[in-house]
Structures are given as structure tokens and as C-alpha cells.
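1. Make a model of this:
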Amino acid sequence: MLNKASLDNESKPLLLRGLVNKANWCYINATLQALLVCPPFFNLMRQVELIPEREASTSTPILDSIPLVTTNINPCMVVIFGNLYCPALLFSANTGKTPKSDFRTGPNLEPSYIGKMLATIESTLSAKGHQEDAEEFLSCLLNGIHEEMIVLSKLDPPLPKPESHESSEGVQDDLNIVAVEGQTMDKEEEDAGDWEQVGPRNKSSITRVASFPSSLISDIFGGCLRSSVHQTGAKESANVEPFFCLQLDIQNVSCIEDALNHLTVKEELQGFTCSKTNAQIDVSRRVSFEVLPKVLILHLKRFIYSKNGSQKLQKHVDYPLELVIGRELLSPNVKGKYTLPKKTYKLCAVVYHHGKISSGGHYTADILHPTHGWVHTDDTKLKLVSSSFVLKPSPSKNPYLLYYRRADQIMK
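-> Next up is the predicted model:
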């Protein structure tokens, strides 16, 4: 039963395999390889695969694309997230470790069931020969699995709820409830829409939290941004919105840290007047992190669209192996709740776009293997690379999606 599945952060020994590029599926291949090195997702997919006697359901086509029996007859998503668990091939019987130089790969696979799944859900991604976007596919996959898990959870007998979802540090993991200085929003308050919260220094604000039922997918990738509007002589109003993939503008920045600062910088809003006096009033808006996800995916917005068409930003943007979300980027409500390990992230995958136009090009990925270190994946081609290869890509390829794991979720 799905409600018996749980998150497991342990990195498993993986036998990497190349993925066949059929009908411009490079964006699918690069995304799957990146998700492969996100242990909680990889381990969750293996649990879904092992759920016994799960009948196919047209209401869950994405999860239904994962066959119950791990087999080489149908090379598909379950083989990627199931048969790659091969400890005998990777670990020495004496030491439990494998030399980094002993890099082995398995036979190539064709993720054909992904194409069938996209056709089932009538996604434009399934169109033959249609060049698509890695971020679009990732969002389709994560949102789809999230929604299907919610559907399946309603079919499962409810299990007793734990007393609290919070850690000893008080960080709330459930995106359906936002903890604020000892307060929470219950179901009735959620249905009511706006609710008043008292934050640090007894400052009150009117907060609207978007309804977002939780799932094991949101437990992994789900974060929340708080958008606060300050107006002279009025209470602060705020919206809390969830995200799986954080969109970052890069037009005027040179590094990821600057892009995050740009996202959260205070913005002065113009053109607001007082309804009583008709005098101009000061209004500002600021975005901050309310919930930090276990796996943070950053989308570098390289494609700029306008009425005259589209163009790609090919500029270089620096990104670190270790990323710290500064205290100044956090909502006042959670600044004291996120200790350093809970706001420190380690890079585990980079998805690149090759080419000069948004409607074409090629996708590859660099992934951090738990045994061998960094591996460059280009459809069926796999090779070991250095961290400098990852951090300083050639001008012909541009980092497009960055995958980071939170340090407190990485098992030693």
C-alpha cells in the first residue's frame, strides 16, 4: 500500500546505463539520469515498483508506467529505478567499496514506457520528433506523480497520524501546514483563505496560504516562497506559494547566489494611492523562503520569449558545489528554525542545454555517482569527469537545471 511507503535518503550502489535517444528524447534521458542520483526519489520509485498486486488505473497513468516486475524484457522506468540497484557489481566483498577507477556500465536502455505514459496523459511532449524542454518534462513528471499519489492515498486505509511532523529543530516538513511561532493553520482556517498570524516581535500580518495537499513527492522536492507586501499604515499581507522547481532570472546576474538575492530583494511598487486621501503611499514587496526542500532544483531561465520570438541567454553563470541559503533569504518566521545543515545544499546533478535556440538543441547531464564521483551522461555515452569539468562547462553547453541535496538529508 502506498501509505506504507517512506522516504529513504541512503545512496544505493548504482550500475549506470546509457539511455537510447528515440525521437528527440534527450531531454527525457538527461532528466531521468539526474533524478537517479536523488536518493529519496530513487528509493521511493523502487518502493512503488515493489507494491504488490497494484492494479493499473487510468487515474494514475504516470505511476502505472512503472511495471510491478523488474525485468530486462521491457527496458523502462522501472529498470532505471530498479535494476540499477546492483551491489554485487559495484561493491567489493572484502571492503564494501569499489575503486573509483573500476567504472562499469550496463547495457543501454530505451525508456519506452515514458513515451507511452506521455501519450496516455496526452502531453505535447509525446509528439514524435517534437523538441521539448527538460524543465517542462521534469515539472510534468513531478506534478503528475504528486497528484497520482494523492489519488492513491485516498484509496488506502488511513494510518494513525504521528504526533508531529516537525524535527527537533522545529522545521515543518508538511507543506499543507505552515508553522508560525507555535501556531499552525488547521483545515478550517485553510478553507477560510486569509488568516492573521503573529510573527517575531509580535508583528501581525494577513497571510494567504495556497492549498497544497502533501505527498511523498512534495516531501522531497516541495518548498515554499513567501511573498510579503508592506504598505504604510497597514498590516503586512502575504501569500505563501509552493514550488517544486525554483525559477531564477539570470539576465542581470553572474552567479547563482546573486540570482537568489535578486529573487528575494525588496521591490518598491509604484502607483499606489490612499483611498481616503488620494495621496501616494509607499508599497513594497519582498519574496523569501518559508520552507526549504530536501532536494532543491534551480531552473536557470535561459529562454526569453517576446512578441518578436524567442532567444537564448548563453551567458556563463557560476554555481557552487556547496550552496548556503543565507539567513537574509529566509522568512522572518523561520530564520531561527533552519540551522546551518538545514540550509546548506550539495550539488548532485546538472542538466545542460546545447544549442543557440529554444526550439532545438540537445540535452546532457552530469550526475554525482555515490561510488565513482561525477559522471557525464550524453544519451548512451557515459564517462567519468572531474568536478572542474562540472563547474566550468564549455561554451557549447549551458547549465539549465541544477539539482542540490540538503546537507542534513545526506547519509554518511
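2. mean confidence for stretch 293-311?
-> Per-residue confidence for stretch 293-311 averages out to 90 on the pLDDT scale.
3. actually stretch 115-126, not the one I typed
-> Stretch 115-126 carries an average pLDDT of 65.
4. now swap in stretch 225-237 and tell me
-> 83.
5. Where does the prediction get shaky in the stretch 251-400 of the chain?
-> For the stretch 251-400 of the chain, residues meeting the criterion pLDDT under 70 lie at 270-271, 273-277, 279.
6. Show me the strands in it, by range?
-> Along the stretch 251-400 of the chain, the stretches classed as strands by DSSP state E, counting those that start in this stretch are 267-269, 283-291, 295-301, 303-306, 309-312, 322-324, 344-354, 362-369, 373-378, 381-384, 397-406.
7. would you list those in JSON lines and tack on mean neighbour count and distance to His230?
-> All C-beta atoms are positioned from the backbone trio N, CA, C, and that covers glycine. Putting these into JSON lines (neighbours: other C-beta atoms under 10 Å; distance: least, C-beta to C-beta, whole Å) gives the following:
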{"stretch": "strand 267-269", "mean neighbour count": "11", "distance to His230": "9"}
{"stretch": "strand 283-291", "mean neighbour count": "19", "distance to His230": "5"}
{"stretch": "strand 295-301", "mean neighbour count": "21", "distance to His230": "26"}
{"stretch": "strand 303-306", "mean neighbour count": "12", "distance to His230": "30"}
{"stretch": "strand 309-312", "mean neighbour count": "13", "distance to His230": "35"}
{"stretch": "strand 322-324", "mean neighbour count": "14", "distance to His230": "27"}
{"stretch": "strand 344-354", "mean neighbour count": "23", "distance to His230": "29"}
{"stretch": "strand 362-369", "mean neighbour count": "24", "distance to His230": "41"}
{"stretch": "strand 373-378", "mean neighbour count": "21", "distance to His230": "44"}
{"stretch": "strand 381-384", "mean neighbour count": "14", "distance to His230": "51"}
{"stretch": "strand 397-406", "mean neighbour count": "23", "distance to His230": "30"}
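8. Tell me which of those strands sits nearest to Lys22.
-> strand 362-369 (13.9 Å; C-beta to C-beta).
9. Redo the strands of the stretch 251-400 of the chain as TSV? Include distance to Leu35.
-> What follows is the strands of the stretch 251-400 of the chain, written out as TSV (distance: least, C-beta to C-beta, whole Å):
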stretch	distance to Leu35
strand 267-269	34
strand 283-291	21
strand 295-301	9
strand 303-306	22
strand 309-312	24
strand 322-324	19
strand 344-354	8
strand 362-369	9
strand 373-378	12
strand 381-384	16
strand 397-406	8
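10. looking at the ones you listed, which is closest to Leu391?
-> In terms of C-beta to C-beta, the element of those nearest to Leu391 is strand 344-354, at 8.6 Å.
11. Just checking: what are the partner strands of the closest one?
-> Sheet pairing here is set by DSSP bridges, and for strand 344-354 it gives strand 322-324 (antiparallel), strand 362-369 (antiparallel), strand 397-406 (antiparallel).
12. quick revisit: and of the strands of the stretch 251-400 of the chain, who's closest to Leu36?
-> Judged by C-beta to C-beta, the one of those that comes nearest to Leu36 is strand 362-369, at 6.6 Å.
13. Next, the angle from the closest one to strand 373-378.
-> Here strand 362-369 runs at an angle of 160 degrees relative to strand 373-378 (axes from the mean of the first three to the mean of the last three C-alpha atoms, to 10 degrees).
14. before we move on, the earlier item: so which of the strands paired with strand 344-354 comes closest to Thr232?
-> For the strands paired with strand 344-354, the distance to Thr232 is smallest for strand 322-324, at 33.9 Å, taking C-beta to C-beta.
15. who's in contact with the closest one?
-> For strand 322-324, the surrounding residues in contact (C-beta atoms under 8 Å, 6 or more residues apart in numbering) are 256-257, 296, 340, 343-347, 404.
16. And the longest helix seen in the chain, what does it pack against?
-> The residue-count maximum for a helix in the chain (DSSP state H) belongs to helix 134-155. Helices and strands touching helix 134-155, by 3 or more C-beta pairs under 8 Å, 6 or more residues apart in numbering; DSSP states H and E, are helix 26-36, helix 61-64, helix 216-221, strand 245-249, strand 397-406.
17. before we move on, back to that, which pair in the contacts of strand 322-324 spans the largest distance?
-> Greatest spatial distance in the contacts of strand 322-324: Ile256 and Leu340, 18.2 Å, computed using C-beta to C-beta.
18. Those two: which has the busier surroundings?
-> Ile256 (21 against 11; other C-beta atoms under 10 Å).
19. Enumerate every residue touching the more buried one.
-> Taking C-beta under 8 Å, 6+ apart as the criterion, Ile256 is in contact with 248, 298, 317-320, 323, 402.
20. rerun at 7 Å
-> Under the criterion of C-beta atoms under 7 Å, 6 or more residues apart in numbering, the neighbours of Ile256 are 298, 317-319, 323.
21. could I get those as CSV with distance to Leu141?
-> Formatted as CSV, the entries for the contacts of Ile256 read as follows, by distance: C-beta to C-beta, whole Å:
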residue, distance to Leu141
Leu298, 17
Val317, 25
Asp318, 28
Tyr319, 23
Leu323, 23
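22. between those, which is nearest Cys224?
-> Distance to Cys224, by C-beta to C-beta, is smallest for Leu298 among the contacts of Ile256, at 15.5 Å.
23. ok, the closest one to Lys335 distance?
-> With the distance defined as C-beta to C-beta, to the nearest Å, Leu298 ends up 21 Å from Lys335.
24. For the stretch 101-250 of the chain, just list every one of the helices.
-> Under the criterion DSSP state H, counting those that start in this stretch, the stretch 101-250 of the chain contains helices at 112-120, 134-155, 187-192, 216-221.
25. where in the stretch 51-200 of the chain is pLDDT low?
-> Along the stretch 51-200 of the chain, the parts satisfying pLDDT under 70 run over 51-101, 121-131, 156-200.
26. related to what we said a few turns ago, comparing the helices of the stretch 101-250 of the chain, which comes out most buried?
-> Among these, the stretch with the highest mean neighbour count (mean count of other C-beta atoms under 10 Å) is helix 216-221, at a mean of 22.
27. which residues sit against that one?
-> Residues outside helix 216-221 that contact it (C-beta under 7 Å, 6+ apart): 5, 7, 40-41, 44, 142, 145-146, 149, 173, 175, 244, 293-295, 297.
28. nearest to Ala234, of the residues you listed?
-> Leu175 (27.8 Å).
29. Wait, Asn21 touches Asn29, no?
-> Yes: counting by C-beta atoms under 7 Å, Asn29 is a contact partner of Asn21 at 6.2 Å.
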